[in-house]
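# all I have is the shape, not the residue letters:
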């Protein structure tokens, strides 16, 4: 069983930046693919970014490419999402997820989910 705890969300003005963190409990952190998803009211859950903690493969959703950056710290069992040039449409509840490398962009690729951290971008 893996527990994921996100932090770092908040209220920011358009054009600003935030860094989200996700700490994973348990061992074998390097065996996971770690992903970030988001959900806005009335919308489907959307893939944001993912990183393979073993091989370093990184993938981004089209709407965040060139603005967001995912990274991981194996020593701290933590994955980060750096969000720059934030837009009001980035407002959402952001979830961290852990999977076993089946894929990157589908919710079904992930076995464990955090509770989420709210990001609100004002115009």
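Yep, that arrived. Since the model is a prediction, treat every value here as computed from it, not as a measurement.

# give me the three-state assignment for residue 35.
Recorded secondary structure, residue 35: strand (DSSP: H, G, I helix; E, B strand; the rest coil).

# correct me if wrong: residue 74 contacts residue 53.
Yes - counting by Cβ atoms under 8 Å, residue 74 touches residue 53, with 6.4 Å between them. Quick note: C-beta positions are derived from backbone N, CA and C, even for glycine.

# common neighbours of the two, please.
29, 30 (Cβ atoms under 8 Å, 6 or more residues apart in numbering).

# can you pull out the strands in this protein?
For the chain, applying DSSP state E gives strands covering 4-7, 10-13, 18-24, 33-39, 46-52, 58-60, 68-73, 78-83, 92-99, 110-113, 117-122.

# please tabulate those in TSV, including the columns mean pLDDT and mean neighbour count.
Output for those, formatted as TSV (pLDDT from 0 to 100; neighbours: other Cβ atoms under 10 Å):
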stretch	mean pLDDT	mean neighbour count
strand 4-7	97	18
strand 10-13	98	13
strand 18-24	97	20
strand 33-39	97	24
strand 46-52	97	22
strand 58-60	96	17
strand 68-73	96	18
strand 78-83	98	22
strand 92-99	97	23
strand 110-113	95	18
strand 117-122	98	17
